[in-house]
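Peer 1: Sequence and predicted structure are below.
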Amino acid sequence: MESVVIEVDLLRLDQLVNDYYGSLAMFDDVLTANQHLESTTLSVGDEVFLPVQTVAKAEEKLW
């Protein structure tokens, strides 16, 4: 899990997730990993934990 310290005031958590992962698919996982945050609007100095995104392998069809 990577950790990011916020350097910009009033950054929203959803913006950070979208910028980092390229979508909001991991938003719920990020919320779960960051229950220590008081708000989804971040302040300078807040530490946000970003879970590793796992990619599921698609099964190949034989026929």
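Peer 2: That came through fine.
Peer 1: which residues are contacting the longest helix along the chain?
Peer 2: The longest helix of the chain (DSSP state H) is helix 13-21. Helix 13-21 is contacted by residues 4, 6, 24, 26-27, 30-31, 34, 37, 40-42, 48, 50, 53 when judged by CB atoms under 8 Å, 6 or more residues apart in numbering. C-beta here means a position set from N, CA and C on the backbone, and glycine is covered the same way.
Peer 1: Where do the helices of the chain begin and end?
Peer 2: Counting by DSSP H, the chain has helices at residues 13-21, 27-33.
Peer 1: Redo those helices as TSV? Include mean pLDDT and distance to residue 58.
Peer 2: Shown next, in TSV, are the helices of the chain (pLDDT from 0 to 100; distance: least, CB to CB, whole Å):
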stretch	mean pLDDT	distance to residue 58
helix 13-21	96	19
helix 27-33	96	21
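Peer 1: Can you lay out these as a markdown table showing distance to residue 61 and mean neighbour count?
Peer 2: Converted to a markdown table, these look like this (distance: least, CB to CB, whole Å; neighbours: other CB atoms under 10 Å):
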| stretch | distance to residue 61 | mean neighbour count |
| --- | --- | --- |
| helix 13-21 | 29 | 16 |
| helix 27-33 | 29 | 15 |
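Peer 1: Quick check: the farthest pair among the contacts of helix 13-21?
Peer 2: Across the contacts of helix 13-21, the longest distance by CB to CB is 23.4 Å; it joins 41 and 53.
Peer 1: buried ones in the lowest-mean-pLDDT helix or strand in the chain?
Peer 2: The weakest-scoring helix or strand in the chain, judged by mean pLDDT, DSSP states H and E, is strand 2-5 (a mean of 86). When neighbours are counted by 16 or more other CB atoms under 10 Å, no buried residue of strand 2-5 is found.
Peer 1: Give me the contact list for that strand.
Peer 2: By CB under 8 Å, 6+ apart, the surrounding residues in contact with strand 2-5 are 16, 20, 45-50, 52.
Peer 1: ok, of the residues you listed, which come out buried?
Peer 2: Among these, the ones that count as buried by 16+ other CB under 10 Å are 16, 46, 48-50.
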